[in-house]
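Trainee: Give me coordinates for this.
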Amino acid sequence: MPVLNSIANAQDDLAAWRKDLHRIPETMFALHKTSAFVAKRLREIGVDEIHEGVAGTGIVALIDGRAPGRTIGLRADMDALPMEERTGLEHASTHAGAMHACGHDGHTVMLLAAARYLIQTRNFAGRVALIFQPAEEMGAGAQVMVQEGVLDRFDVAEVYALHNAPGTPAGQFYTTLGPIMAAVDTFEIHVDGQGGHGAMPHETRDPIVAAVSMVQAIQTIVSRNHYALDDLVVSVTQIHAGTVDNVIPGTAFINGTVRTFDPNVQAMVMARLKAIVEGQAASFDVTARLEYEVGYPATINDPDRAAFAAAVAAEVSACPTDARREMGAEDFAYFLAERPGAYLFVGNGDSAGLHHPEYDFNDETTAYGASFFARLIERALPLEVS
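Mentor: As a prediction, this is how the structure comes out:
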């Protein structure tokens, strides 16, 4: 089956909504204009309840079906990224230093479009909880919502979300029946030596040499300390030291990211980093401090719910379930850690990549995502046939 006709017929209105949101990107929890826009649309389309101020600027709206039943949660992230837009489009960001470079403007409109359809038809038994979330990119907004008791407060039994995927044909879905996105951690290494004249290195304790040696040793964690078929990324992304050519500095700084799926692999990386930093510091007669921050956990689909969601998506477009899991991270993991559900991708067509300054959400994708959300509710919460 194709997209739902009533949703497809509203394409122009939905594109206008999306472009309006694209012009006013906001980051983290400070989504005041965005949240107000969403709340206004929700009231216009007639949701049964609207709860604002969740996790600061988040919203949960409720739609009742024609009969009692379970509550299914559908989540859309609303926040933008702290970066400058370079699309040159008429609807480009009007907020300096902020841009919808990940398509959350599109995700929000997908959920609004599905909500309007579900209100018009109410062809389900139970309740829909529309979860409009702040701070997915930074700030773990999903975790804050969970900690505030959103899932318990609204008796959410299952929860689902979509993310657009540049490079995949517009409207085509994909997912996996288990882990789909990685846990993400960050580390910093602060190296303290003794600076001095570049012509007299024997009078110094060079932090640059120690830092370079640490970086080289860190590369062996993936190549020599873990099973080759376990997914693992350890990337050093920053190294800073020194200011001029003839001075050996007193300090050096290293920064990086760790991506894992298995907590045992994560623990191994943490232990190896600690050993490398301490050992290399001792060998070069410097001191060093490792700071390791555990971030978003792995996003793990419930296999049965993911298979169900994929079958629903296949009614709208193709939806393979054997996609390779990705090393990017997603805070929807916090919802899936508490409730069964699934996270799917939907193609954005031939667009710039996510987090790219020339990215723009493909409005053709909206009808596919909204139709998926609507059909999922009707399939998960069917009305009894008398």
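
Trainee: and the nearest residue to Glu364 once chain neighbours are set aside, how many neighbours?
Mentor: Spatial nearest neighbour of Glu364, excluding adjacent residues (Cβ to Cβ, 6 or more residues apart in numbering): Ala170 at 4.7 Å. All C-beta spots, glycine's among them, are computed from the backbone N, C-alpha and C. Look at Ala170: counted by other Cβ atoms under 10 Å, it has 20 neighbours.

Trainee: Ala170 - that's part of a strand, no?
Mentor: No. Counting by DSSP: H, G, I helix; E, B strand; the rest coil, one finds Ala170 to be coil, located in no strand.

Trainee: Contact partners for it?
Mentor: 347-349, 362, 364-365, 368 (Cβ atoms under 8 Å, 6 or more residues apart in numbering).

Trainee: confidence score at it?
Mentor: Looking at Ala170, its pLDDT reads 96.

Trainee: of the contacts of Ala170, buried ones?
Mentor: Buried members of the contacts of Ala170, counted by 16 or more other Cβ atoms under 10 Å: 347-349, 362, 365, 368.

Trainee: Filter the residues you listed down to the ones in strands?
Mentor: The strands, defined by DSSP state E, take in 347-349 from these.

Trainee: Give the rounded mean pLDDT of the helix or strand where His107 lies.
Mentor: For His107, the host element (DSSP states H and E) is helix 104-121. In this model, helix 104-121 carries a mean pLDDT of 98.

Trainee: what's the average pLDDT for the next helix or strand along the chain from it?
Mentor: Using DSSP H and E, the helix or strand that follows helix 104-121 towards the C-terminus is strand 125-133. For strand 125-133, mean pLDDT is 98.

Trainee: One more: stretch 294-307?
Mentor: 97.

Trainee: before we move on, what about stretch 69-88?
Mentor: Stretch 69-88 comes out at a mean pLDDT of 98.

Trainee: And that stretch, what's buried?
Mentor: Neighbour count says stretch 69-88 has 69, 71-81, 83, 85, 87 buried, by 16+ other Cβ under 10 Å.

Trainee: so what's Ser371 up against?
Mentor: So Ser371 contacts 2-4, 7-8, 114, 316 (Cβ under 8 Å, 6+ apart).

Trainee: likewise Tyr334?
Mentor: 140, 142-143, 145-146, 296-297.

Trainee: Distance of Thr94 relative to Ser351?
Mentor: Using Cβ to Cβ, to the nearest Å, Thr94 is found at 21 Å from Ser351.

Trainee: Please apply the same query to Ala101.
Mentor: Taken as Cβ to Cβ, the span from Ala101 to Ser351 is 11 Å.

Trainee: quick one, which of these two is more surrounded?
Mentor: Taking neighbours as other Cβ under 10 Å, Ala101 and Ser351 compare with Ala101 leading, 28 against 20.

Trainee: Could you pull up the contacting residues of that one?
Mentor: 80-81, 83, 85, 354-357, 359.

Trainee: Return the backbone torsion pair for it.
Mentor: phi -100, psi 10 (degrees, to the nearest 10).

Trainee: same question, Leu273
Mentor: The phi/psi pair for Leu273 (degrees, to the nearest 10) is phi -60, psi -40.

Trainee: Point to the residue nearest the middle of this protein.
Mentor: Centroid check for the chain by Cα atoms, centre = their mean gives Glu330 as the closest residue, at 3.2 Å.

Trainee: Are we agreed that it is in a strand?
Mentor: No. Per three-state DSSP, Glu330 lies outside any strand segment and is coil.

Trainee: Next, work out how far apart it and Val286 are.
Mentor: 38 Å.

Trainee: likewise Asp48?
Mentor: 63 Å.

Trainee: So which residues of the stretch 151-300 of the chain form helices?
Mentor: 207-224, 263-283 (DSSP state H, counting those that start in this stretch).

Trainee: Setting aside sequence neighbours, what's the nearest residue to Ala98?
Mentor: Using Cβ to Cβ, 6+ apart, the closest residue to Ala98 is Pro25 (4.2 Å).
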